[in-house]
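K.L.:
Predicted model follows, preceded by the sequence.
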2 protein chains.
Amino acid sequence: MRIFRREHRRSAGTQEVAPLESGGPFSTRTGAVARDLRRLLSESQVVDEPGELQTFAYDASFETQLNPRPPEVAVIAGSKEDIQALVRYAHERGIPVTPRGAASGQAAGAVAFKGGIILSLNAMNRILEVDEPNLQVFCEPGVVHAQLNAALKPRGILFPPDPGSTKMATVGGMASTNAAGMRAVKYGPTGAWVLGLDVVLPDGSLIETGSAGSRAKQSSAGLELTKLFVGAEGTLGIITRLRLKLMPIPPARAIVTALFDDLESAGRAVQETFAAGVSPSAIEILDERCIRAINRYRPGMDLPPVEAMLLFEVDGNPPGVRWDAEKVAGVVRPLAHKVEWSDEPQRIAALWEARSLVGAAIGALRPGSNRAYCGEDICVPVSRIPETLREIQEIGKRYRIPIATYGHIAGGNLHPGHLIDASNPDEIRRVLQVADEIHALALRMNGTITGEHGVGAVRSPYMRHEHGLALEAMRQIKEALDPKGIMNPAKLFPN
Amino acid sequence: MRIFRREHRRSAGTQEVAPLESGGPFSTRTGAVARDLRRLLSESQVVDEPGELQTFAYDASFETQLNPRPPEVAVIAGSKEDIQALVRYAHERGIPVTPRGAASGQAAGAVAFKGGIILSLNAMNRILEVDEPNLQVFCEPGVVHAQLNAALKPRGILFPPDPGSTKMATVGGMASTNAAGMRAVKYGPTGAWVLGLDVVLPDGSLIETGSAGSRAKQSSAGLELTKLFVGAEGTLGIITRLRLKLMPIPPARAIVTALFDDLESAGRAVQETFAAGVSPSAIEILDERCIRAINRYRPGMDLPPVEAMLLFEVDGNPPGVRWDAEKVAGVVRPLAHKVEWSDEPQRIAALWEARSLVGAAIGALRPGSNRAYCGEDICVPVSRIPETLREIQEIGKRYRIPIATYGHIAGGNLHPGHLIDASNPDEIRRVLQVADEIHALALRMNGTITGEHGVGAVRSPYMRHEHGLALEAMRQIKEALDPKGIMNPAKLFPN
């Protein structure tokens, strides 16, 4: 199957198409590389059996569903020494190295686009030390987000970034994409909670960012390398250890749900909430399609056919949370069709239900369809959310692809969900155009092509349009740290 | 007067001394440069009269008090076009450019150590746009922090980073040093609130970080250039505009003050507060010397002669703040000599008084003395604060220099205040040794040489000790973006 993708255009014009690059230059010597790596590491750490390599050919992106790309060799890292040995070897020979965590990413960031070696970090999943007095934790990159917070919970502490994929996503992957999640509006993205990183650089040397041996919570001893490696998606080096900042678990939460007859009122409700002096820990939006999907999927819910549903979460201590929730409900009530709030855990769970169902429910809009994860993660200014949601519906209509959109409205981060018949090449062609239009829309709205999922391979063609000249500065940094271009090539940077 | 500074040593040993570098290589052509710049910009923007250049020879560091370093030329920038023209000119000729805001820094970061041009950004002090619906503000680098928050206050919004020098510090300087301030423990340092920067690069080109034209609150379209220029202290380029994130002003605050007979109990009180699920917006510490100084300076205060005083601030909504304050008071009471709390504005002001007096009061410990700002900004793990405070006192005793220490204990950031007779060369020699010992102490405690003031010229000799191999990665980035080394030379990086 041949996949096309339109070049991003600032204005609508002719629809140019270009084949998406693929394939690796090292296939002739795969056998030798695997042999070398077995000697360098151990027999069981090196995978080169074609069937097994298929496991590493995918992430959660639509792109790799269409075009799986098995690497030539995969290596299961057990320690930073393994990684240093492997990277030194690859550096000498100019072999691409693509780091990989849970591969729950939707941007084809953890798949080998230029062949070479996949470096799996999943087995490096130990929580090394919880330093409770200093509210920080040291852990390996393969630790799964939910596993980390489960380990911290009995101590009453928390790593606040909270991706939807908590049960899959690794902290290494979260740092690499600067993942945000539902609570980023109050607590910031992953980067705000990373104090330091051990990183194997492209030449195999190991550095510690955020001051060597430090357990300080802050420092002005720049340059800020930590925040540079956060979000670099493995293009500058391999994270082998993370030092993360923690906070006490807020003792209380409350939820306000509100239904709106029109998108504009929903948008205004968000702005009025902030204007009332409340800083919610999350505000989630479900659009009209999501509401319809939930009603089909779970007929008992019986949501009215409104244009938008918002869920506000506030956290803090019990009386503070009650005050905030009442304030939000009071501000929202004149704008909404219906408002309800609660700080009782059981009722909170019930109110969250619609939101938690949405991923599964969307499919009900079109039985037998598949969700195509492409153009799935834009972020726009909060003031332009209503306009953006309408335009997304327009795009869906134009290409005859149903789209249901939900997301973290307080931060402007929207996740359009496109439903297609994956066996129909024309629909595939059309949904890729939809993704392209959505990326163009995000930029037109003064937004970004990715709010939290990262650039990977699939969004790299848009980087020039998003960043202009700043992309050249990024490239200079990339070339300074990785002159041979072996670290996760074909990611972040356009050709 | 000749100033010496010991090389940093990991262990106490012989006291090597080395002269601190000074002077610029361009003095012979100063006249020509000023002439060129007058042509390039305007007559009134260029200063080269020796008397006037003295104004630019200082910042608030002890180093420049001892060795003022006038630049060869100073330029008052009025626009980004001015800056681009100037930087292009300097780049062609390899002339150093040192950006300068309010020069309230204590690290000699805004003083020309290699001669060349001082680029004053103070006149670029316009708030360009408050985008209230999207909770962000666009402003020029010379905007003073207090001026910004005064302009935002009527709208009920806030730029949360809060340096002690709010009435002087510019937002450009705050971003350049990643300044933290009192409330960083809850809200993070300046960097957490910078969404994007316009930067003139060392070749004169202008980039916009954080996505060109974006008003989104978050993005994962790495590399994260914004956070790299934050804290770079002007060594990578000149910030010409900032896009800052804002939040609603919390509607309520409360203060808990507590006096402790021993430092260990004060340290434990901080940890117990977090363990109780409270996230204070600030926790400040005054040591025994500060308390003594306040009693002398304001006899009516009559503070008991205890080892430490803590001030906890909590913010949020009225009932939430009361709950938090009572919780803190309850947790702290068994550990403290005396505890008091209030959420009444007048009482809060009274409770804050001791803290607000401390800067002025310290001098009372030694009438006629001067405060030497050197070794004044370490940050250590919270668990090691008591030990660090004791060691600072030991150092003071050893070198016969009175030191009173206060700081942001929740983040581990300590400001030792050294009192000297500035006319006594032996005391000057000794206080520089004190600073050196304090920096060594910070690293020994797994801390950092600067929690919020930056590295500048005075702390650059310690960067190798603080960062090890990571310093080389920083250097590679510096060389990639500024191959001629014209941007604020002799800062951040050791020779």
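P.N.:
Cool, got the structure.

K.L.:
Quick one: name the residues of the stretch 351-495 of chain A near chain B.
P.N.:
The stretch 351-495 of chain A comes close to chain B at residues A:377, A:379-383, A:411-413, A:443, A:446-455, A:459, A:463, A:466-470, A:472-474, A:476-481, A:492, as judged by CB under 8 Å from any CB of the partner chain. Using the backbone N, CA and C atoms, a C-beta is placed for each residue, glycine as well.

K.L.:
so of those residues, which ones are in helices?
P.N.:
Judged by DSSP state H, helices contain the following of these: A:443, A:463, A:466-467, A:470, A:472-474, A:476-481.

K.L.:
Let's see if you can find the most crowded of these.
P.N.:
Most neighbours among these, by other CB atoms under 10 Å in any protein chain shown: A:Ala470, with 27 neighbours.

K.L.:
Contact partners for that one?
P.N.:
Each residue near A:Ala470 by CB atoms under 8 Å, 6 or more residues apart in numbering or on different chains is listed here: B:Ile207, B:Glu208, B:Thr209, B:Ala212, B:Leu225.

K.L.:
swap the cut-off to 6 Å and go again
P.N.:
By CB atoms under 6 Å, 6 or more residues apart in numbering or on different chains, A:Ala470 lies in contact with B:Ile207, B:Thr209, B:Leu225.

K.L.:
Show the pLDDT at it.
P.N.:
At A:Ala470, the model reports a pLDDT of 98.

K.L.:
next one: A:Gly188
P.N.:
On the pLDDT scale, A:Gly188 gets 96.

K.L.:
Could you tell me how far it is located from A:Gly237?
P.N.:
Taking CB to CB, to the nearest Å as the criterion, A:Gly188 is separated from A:Gly237 by 23 Å.

K.L.:
Of the two, give the one with the bigger neighbour count.
P.N.:
Comparing A:Gly188 with A:Gly237 by other CB under 10 Å, the one with more neighbours is A:Gly237, at 31 against 22.

K.L.:
nearest spatial neighbour of the more buried one, skipping sequence neighbours?
P.N.:
Nearest non-adjacent residue to A:Gly237, counting by CB to CB, 6 or more residues apart in numbering or on different chains: A:Val199, 4.2 Å away.

K.L.:
that's a helix at that neighbour, yeah?
P.N.:
No. Assigned with DSSP: H, G, I helix; E, B strand; the rest coil, A:Val199 falls outside any helix and is strand.

K.L.:
Residues in a beta bridge with it, which ones?
P.N.:
On the basis of DSSP bridges, A:Val199 is bridged to A:Ile207, A:Ile239.

K.L.:
Return the residues in contact with it.
P.N.:
By CB under 6 Å, 6+ apart, the contact set of A:Val199 is A:Ile207, A:Phe229, A:Gly237, A:Ile239.

K.L.:
Please apply the same query to A:Ala112.
P.N.:
Counted by CB under 6 Å, 6+ apart, A:Ala112 has contacts A:Arg69, A:Pro71, A:Thr98, A:Ile118.

K.L.:
I'd guessed the second one sits against A:Thr55; true?
P.N.:
Put plainly, it is A:Pro71. No. Here A:Pro71 does not reach A:Thr55: they are 10.0 Å apart, not a contact under CB atoms under 6 Å.

K.L.:
so is the residue of chain A found nearest chain B in a helix, a strand, or just coil?
P.N.:
Residue nearest to chain B within chain A (CB to the nearest CB): A:Gly320, separated by 2.0 Å. With three-state DSSP as the basis, A:Gly320 sits in helix.

K.L.:
I'd like the average pLDDT over stretch A:219-231.
P.N.:
97.

K.L.:
what helix or strand is A:Ile255 on?
P.N.:
strand A:252-260 (DSSP states H and E).

K.L.:
Which of the contacts of A:Ala470 sits closest to chain A?
P.N.:
Using CB to the nearest CB, those come closest to chain A at B:Ile207, 4.1 Å.

K.L.:
For B:Thr240, see how far away the closest one is.
P.N.:
B:Ile207 sits at a distance of 10 Å from B:Thr240 (criterion: CB to CB).

K.L.:
Please apply the same query to A:Lys491.
P.N.:
Counting by CB to CB, the gap from A:Lys491 to B:Thr240 is 30 Å.

K.L.:
Same question for A:Glu49.
P.N.:
The value you get for A:Glu49 to B:Thr240, if CB to CB is used, is 56 Å.

K.L.:
who has more neighbours, the two?
P.N.:
B:Thr240 (24 against 10).

K.L.:
Which parts of chain A belong to which domain?
P.N.:
Using automatic domain parsing, the domains assigned to chain A come out as A:21-120, A:127-248, A:252-364, A:366-444.

K.L.:
Now distance to B:Gly277 too, for those, in CSV please.
P.N.:
Formatted as CSV, the domains of chain A follow (distance: least, CB to CB, whole Å):
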stretch, distance to B:Gly277
domain A:21-120, 31
domain A:127-248, 5
domain A:252-364, 7
domain A:366-444, 24
